[in-house]
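**Student:** Sequence and computational prediction follow.
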Amino acid sequence: MIRRPNEIWQASGDEVTPKPLFMNRRKIIASAGAIGLAGLAGCSDASTAAQAQSPVGTHTPDPERQLDYARSDFRLDEALTPYDAVTGYNNFYEFGLGKGDPARYADRMTTEPWSIEVDGLTDRPGTYALADLVDFDALEERIYRLRCVEAWSMVVPWIGVPLSAIIEQLRPSPAARYVAFETYLNRSEMRGVRFPVIDWPYREGLRMDEAMNPLAFLAVGVYGEILPNQNGAPIRLVVPWKYGYKSIKSIVKISFVADQPETSWNLTAPNEYGFYSNVNPQRDHPRWSQRTERVIGGGVFARRDTEMFNGYADQVADMYAGMDLIENH
Amino acid sequence: MPRTRSHLARFERQGLKPLAFWLLALPGLWLFAQWGLLLGGQDHSLGFNPIETTHRFLGDTALYVLMASLAVTPLRDLTRWKAVMKIRRRIGLAAFWYAVLHVIAYLGLDLYIAAGMSVSGMMAGLWDDVVERTYITLGMLAFIGLIPLALTSFNAMIRRLGALLWRRLHLAVYPISVLAVLHYGFLAKGNQLGPWIHGAALAALLGYRLFAYLRHTRLRAQHPA
């Protein structure tokens, strides 16, 4: 569906029904086994389901923000990083450089209504409302490890849709070899962009085969709820075999392009941050050793050895066959 | 008001140094208390990545205290408060001790644990870092530079070296402080404001000393003793 910006207001229905309520009308389809509520397994009545408290890990989702989703097979079988850490320890420089700044200041960001501009080599360019791109009836939960280039990691229960589903819907032409993303930028809502830490807006990109990889995910939620702003609301990329900064937040633009797009950290310091940015303990970063990582929320001294492709080699290594991954870091 | 003046004189004689000591110790005591709370399973202020917080806190404190030690002489010149010179050495030594804690935390909480609790692995990790990471190279140079200054910051050493040699040796604090700010600047991701502010503050302090030195030599040239 192609819409002009002024039509989005009329089309999204957001002004009639606040999004959380609209989402809560859908029945919870997460399996009882996944959420530990066997007694509600057979419950299909929407109003009852909307009130159901279905804890994710130790966190009970806020009923106002709760999402309906299915469990998926992409589940890292490890202890989840606590909710407070996932939503309180963030890098989102548009809101400040401190890890607590995004949680403090990101609520000023307007996420409703939200539209995403699609351009470049595609049959369906235009401006899309969020609900036109993301099928909120087809949400799934995926538990991935997030490995930050700053040598720390988390285990996060994301909710969203495969990136490939959206790309297929947007019909890029065969000439599109890359997909580029851009983050929302608003000087009055984002206190961190007053200073040129990087050349705003934040930009990222993937090679088309990477974007179509089944692991590549667009998240609209975390821990059973709509994404908090500091985690990249209302829609963000999650590419778990790459360092965290590749997983661009609060996406407002998707472009299909023929040539490798410019990416923010690569522009800032090309010797440190390559285009691919695959997690690679062998490639020593000039700033942090990448051999090990601190496990956030795993105890003060918790560390683990960093794995090639962050442990997702089986799913992604084929894409880089024959490539020198030190050179193409 | 002779009474007030005598109070002030007494404070300068007896109270200034202990006050400086406790003020300078305060950040360290706070950090120590927070680690006590953390390890005791209580609420603490070290955040979700306590080791990172510790590195930042100790590094910031060492740098601020070092800059404070550089500000003492300009402060005396501008305010004519001579007694402040009594605590200059104490401030410089405090900067050294925070740098020591900073290095110990880096070795013990990062490299030692990353190497699987092995001292030889820790030393290998240190060597890799010094060789490969510019900000570590700069930080280590700054730290090593502070050692001879700290070792000569006792009355006996000052007497042995003589005032002139001691003063010349301690001019090294200026290049060391430049290294320390560069250490911070090279650590910062992207173009951050913080290192520029530190750099500007340091440039002002160094610029003042250069200005004072030039004026002094010009006066001496005009009025030879």
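**Tutor:** Cool, got the structure. In this text the structure is predicted, and so the values were computed from the model without any measurement.

**Student:** Is stretch A:246-262 positioned near chain B?
**Tutor:** No - for stretch A:246-262, no contact with chain B is found by C-beta under 8 Å from any C-beta of the partner chain; the gap never falls below 14.8 Å. All C-beta spots, glycine's among them, are computed from the backbone N, C-alpha and C.

**Student:** what about that stretch, how long is it end to end?
**Tutor:** 12 Å (C-alpha to C-alpha, to the nearest Å).

**Student:** Any figure for the gap between A:Leu170 and chain B?
**Tutor:** To chain B, A:Leu170 is 31 Å away according to C-beta to the nearest C-beta, to the nearest Å.

**Student:** Leaving aside the residues adjacent along the chain, what's closest to B:Thr82?
**Tutor:** In this structure residue B:82 is Lys, not Thr. Excluding its sequence neighbours, the residue lying closest to B:Lys82 (C-beta to C-beta, 6 or more residues apart in numbering or on different chains) is B:Arg76, at 6.0 Å.

**Student:** low-scoring stretches of the chain, by residue?
**Tutor:** In the absence of a named chain, this looks at chain A. Applying pLDDT under 70 to chain A flags residues A:1-53.

**Student:** Switch to chain B, please.
**Tutor:** Residues of chain B that meet the cut-off, pLDDT under 70, sit at B:1-3, B:224-225.

**Student:** Contact residues of it facing chain A?
**Tutor:** B:38-39, B:47-52, B:109, B:113-114, B:125, B:128-129, B:132-135, B:187, B:189-194.

**Student:** I figured the residue nearest to B:Lys82 was touching B:Met85, is that so?
**Tutor:** Yes - if you go by C-beta atoms under 8 Å, B:Arg76 and B:Met85 touch, sitting 5.7 Å apart.

**Student:** Settle it for me: which of those two has more neighbours?
**Tutor:** B:Arg76 (15 against 12; other C-beta atoms under 10 Å in any protein chain shown).

**Student:** Figure out the helix or strand that that one lives in.
**Tutor:** Assigned by DSSP states H and E, B:Arg76 belongs to helix B:50-79.

**Student:** Report the distance from that helix to the chain centre.
**Tutor:** 5 Å (C-alpha atoms, centre = their mean, to the nearest Å).

**Student:** same thing with stretch A:72-90?
**Tutor:** Relative to its chain's centre, stretch A:72-90 lies at 13 Å (C-alpha atoms, centre = their mean).

**Student:** Would that stretch count as contacting chain B?
**Tutor:** Yes - applying C-beta under 8 Å from any C-beta, one finds that stretch A:72-90 is in contact with chain B at A:Asp84, A:Ala85, A:Gly88, A:Tyr89.

**Student:** Those in helices, which ones?
**Tutor:** Judged by DSSP state H, the subset of the residues of stretch A:72-90 next to chain B located in helices is A:Asp84, A:Ala85, A:Gly88.

**Student:** For the residues you listed, give me JSON lines that also has neighbour count and distance to B:Thr217.
**Tutor:** Below are these laid out as JSON lines (neighbours: other C-beta atoms under 10 Å in any protein chain shown; distance: C-beta to C-beta, whole Å):
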{"residue": "A:Asp84", "neighbour count": "13", "distance to B:Thr217": "60"}
{"residue": "A:Ala85", "neighbour count": "19", "distance to B:Thr217": "58"}
{"residue": "A:Gly88", "neighbour count": "17", "distance to B:Thr217": "56"}
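
**Student:** okay if I get these as CSV plus distance to A:Gly100?
**Tutor:** Below are those laid out as CSV (distance: C-beta to C-beta, whole Å):
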residue, distance to A:Gly100
A:Asp84, 11
A:Ala85, 11
A:Gly88, 6
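
**Student:** Just give me the closest of the residues you listed to chain B.
**Tutor:** Closest approach between those and chain B, by C-beta to the nearest C-beta: A:Ala85, at 4.4 Å.

**Student:** A:Trp152 versus that closest one, what's the distance?
**Tutor:** Distance, A:Ala85 to A:Trp152, using C-beta to C-beta, to the nearest Å: 10 Å.

**Student:** can you pull out the strands in chain A?
**Tutor:** Taking DSSP state E as the criterion, chain A carries its strands at A:70-75, A:115-120, A:126-129, A:140-148, A:152-162, A:178-183, A:203-207, A:217-222, A:225-226, A:236-238, A:251-257, A:292-295, A:303-305.

**Student:** Spit out the residues that contact A:Ala85 and A:Trp152 alike.
**Tutor:** A:Ile296 (C-beta atoms under 8 Å, 6 or more residues apart in numbering or on different chains).

**Student:** residues from chain A in reach of chain B?
**Tutor:** Taking C-beta under 8 Å from any C-beta as the criterion, chain A approaches chain B at residues A:84-85, A:88-89, A:93, A:97, A:99-100, A:152, A:195-198, A:265, A:268-269, A:284, A:286-289, A:291-292, A:294, A:296-297, A:300-301, A:303.

**Student:** Name only those of the residues you listed that count as buried.
**Tutor:** Buried by 16 or more other C-beta atoms under 10 Å in any protein chain shown: A:85, A:88-89, A:93, A:97, A:99, A:152, A:195, A:197-198, A:265, A:284, A:287-289, A:292, A:294, A:296-297, A:303, out of the residues of chain A next to chain B.

**Student:** Skip the chain neighbours and tell me the closest residue to whichever residue of the stretch 1-150 of chain A sits closest to chain B.
**Tutor:** In the stretch 1-150 of chain A, the residue that lies nearest chain B is A:Tyr89 (4.0 Å; C-beta to the nearest C-beta). Spatial nearest neighbour of A:Tyr89, excluding adjacent residues (C-beta to C-beta, 6+ apart): B:Phe48 at 4.0 Å.

**Student:** give me every residue that touches the one you found.
**Tutor:** A:Asp84, A:Ala85, A:Gly88, A:Tyr89, A:Lys99, A:Ile296, A:Gly297.

**Student:** Helix, strand, or coil at it?
**Tutor:** Put simply, B:Phe48 is coil when judged by DSSP: H, G, I helix; E, B strand; the rest coil.

**Student:** B:Ala172 contacts B:Gly145, correct?
**Tutor:** Yes - between B:Ala172 and B:Gly145 there is a contact under C-beta under 8 Å: 5.9 Å.

**Student:** Looking at the two, which one has more neighbours?
**Tutor:** Remark: of B:Ala172 and B:Gly145, B:Gly145 carries more neighbours, 17 against 13, as counted by other C-beta under 10 Å.

**Student:** my guess is B:Pro148 contacts B:Leu169, does it?
**Tutor:** Yes - B:Pro148 is in contact with B:Leu169 according to C-beta under 8 Å; the separation is 6.8 Å.

**Student:** coming back round to it: give me the buried positions along the helix holding B:Arg76.
**Tutor:** Buried-residue list, helix B:50-79, by 16+ other C-beta under 10 Å: B:50-63, B:65-73.

**Student:** And stretch A:130-148, by the same measure?
**Tutor:** Buried, per 16+ other C-beta under 10 Å, within stretch A:130-148: A:130-134, A:136, A:139-148.

**Student:** ok, now stretch A:295-315?
**Tutor:** Within stretch A:295-315, the residues scored as buried using 16+ other C-beta under 10 Å are A:Val295, A:Ile296, A:Gly297, A:Gly298, A:Arg303, A:Thr306, A:Glu307, A:Met308, A:Phe309, A:Asn310, A:Gly311, A:Tyr312.

**Student:** ok, now stretch A:205-215?
**Tutor:** Buried, per 16+ other C-beta under 10 Å, within stretch A:205-215: A:Gly205, A:Leu206, A:Arg207, A:Met208, A:Glu210, A:Ala211, A:Met212, A:Asn213, A:Leu215.

**Student:** starting at the chain centroid, how far to it?
**Tutor:** 14 Å.

**Student:** Look at it and report the distance between its end residues.
**Tutor:** So stretch A:205-215: terminal residues 15 Å apart, C-alpha to C-alpha.

**Student:** which other residues reach that stretch?
**Tutor:** By C-beta under 8 Å, 6+ apart, stretch A:205-215 touches A:74, A:144, A:162-164, A:167, A:172, A:176-181, A:216, A:239-241, A:246, A:257, A:260-263, A:275, A:312, A:315-316, A:319.
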